[in-house]
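Novice: Below is the sequence, then the predicted model.
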Amino acid sequence: MKEKAAMLLFIMLCATHLFAQNAAYQRSQADFRSAVITDITGTVEIKKSGGLNFIPAKNGDLITGDTVISTMTLALAAKADLPTAAEIANFAAGIVVAKIGTATASPQELKDAVKEFYGMQK
């Protein structure tokens with residue numbers, strides 16, 4: 001069973017990498033400021049230069065695309081840069097997937113998760 005799970009994870013990571021490479025190429029052919037890809041392991045920022053910046057899920061949690069995109073949009077609207085917005089979004093997604101059913105991440109839960117991850121006092 002562990003071998004099958006490891007193989008599935010490997011296939012998913014390869015697919016994400018290939019998708020990111022293709023997206024980087026597409027990005028170089030278009031006039032976008034940036035692009036983002038999410039999968040269960042984290043978020044990939046596709047830079048204007050074509051480079052990739054992987055921002056992993058926090059605390060080993062899986063992430064969900066809808067939470068990442070909505071939280072990232074909010075952070076960008078609040079003038080965060082893209083890597084910071086993606087990191088905040090990954091924290092929010094980690095909170096949501098830890099809950100049962102349809103869920104949200106409250107501002108306080110997000111603050112607590114960031115403080116805990118970086119070892120800050122609450």
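Specialist: Looks like it arrived, so ask away.

Novice: In stretch 107-117, which residues are buried?
Specialist: Of the residues in stretch 107-117, those scored as buried under the neighbour-count criterion (16 or more other Cβ atoms under 10 Å) are Glu109, Leu110, Ala113. Every residue, glycine included, has its C-beta placed from N, CA and C.

Novice: Take these and keep only those in helices.
Specialist: Secondary structure of the buried residues of stretch 107-117 is defined by DSSP state H; positions in helices are Glu109, Leu110, Ala113.

Novice: so how far is Lys47 from Gly94?
Specialist: With the distance defined as Cβ to Cβ, to the nearest Å, Gly94 ends up 24 Å from Lys47.

Novice: Just want to know which of these two has more residues nearby.
Specialist: When Gly94 and Lys47 are compared on other Cβ atoms under 10 Å, the one with more neighbours turns out to be Gly94, at 23 against 15.

Novice: related to what we said a few turns ago, could the ones in helices among the buried residues of stretch 107-117 go into TSV alongside distance to Ile37?
Specialist: Compiled in TSV, those are given as follows (distance: Cβ to Cβ, whole Å):
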residue	distance to Ile37
Glu109	25
Leu110	22
Ala113	22
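
Novice: Can you tell me which one of those residues sits lowest on pLDDT?
Specialist: Ranked by pLDDT, these bottom out at Ala113, which scores 89.

Novice: Tell me if I'm right that it and Ala93 touch.
Specialist: No - with the criterion set as Cβ atoms under 8 Å, Ala113 and Ala93 do not qualify as a contacting pair; they are 10.4 Å apart.

Novice: which neighbours do the two share?
Specialist: With contacts defined as Cβ atoms under 8 Å, 6 or more residues apart in numbering, the residues shared by Ala113 and Ala93 are Ala105.
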